[in-house]
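Trainee: Got a predicted structure plus its sequence, pasted below:
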Amino acid sequence: MNKVVHFEIPSDNQDRAKQFYSSVFDWDVQDMPGEQPYTFAITSPVDENYMHKESGAINGGIFKREAPVTNPIITIEVPSIDEHAKKIEAAGGKMVVEKGEVPDMGYYAYFKDSEGNLMGLWENIPRK
């Protein structure tokens, strides 16, 4: 069974969204380095690799609203994005954003399910 491991919240004003979620829900919001502004929304304690210390919780991200990601997204962890892309297409879904890398963490992609919902995929980089 593949589990939900991440959520993403698009925003029109990232600073305003960070303030909202940190003040209302007491989330720890941390800007990540990179070309695209992205803020980790930490909802439960994590280790130095941003992996959960508590089971059953997920963390997420806040970023600038841009097509195709204009609504909140849930992300499902899979062992292979490439293999699941084939399954998605065969089941009537469609890949929307092909596999990309988050350095030292893993890979992501976005797809539309059979009902037109935009969803995310996540594949961890194997740890040694």
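Mentor: Sure thing, it's come through.

Trainee: For the rest of this, base every contact and every neighbour count on C-alpha atoms.
Mentor: Will do.

Trainee: Tell me the helices and strands packed up against the longest helix seen in the chain.
Mentor: Counting residues, the longest helix found in the chain (DSSP state H) is helix 14-25. Where contact means 3 or more C-alpha pairs under 8 Å, 6 or more residues apart in numbering; DSSP states H and E, helix 14-25 is packed against strand 28-32, strand 59-64.

Trainee: For the residue nearest to K112 when sequence neighbours are not counted, grab phi and psi.
Mentor: With sequence-adjacent residues excluded and distances taken as C-alpha to C-alpha, 6 or more residues apart in numbering, K112 is closest to L118, at 4.5 Å. Backbone geometry at L118, expressed as degrees, to the nearest 10, gives phi -80, psi 130.

Trainee: how much space between L118 and D47?
Mentor: Counting by C-alpha to C-alpha, to the nearest Å, the gap from L118 to D47 is 29 Å.
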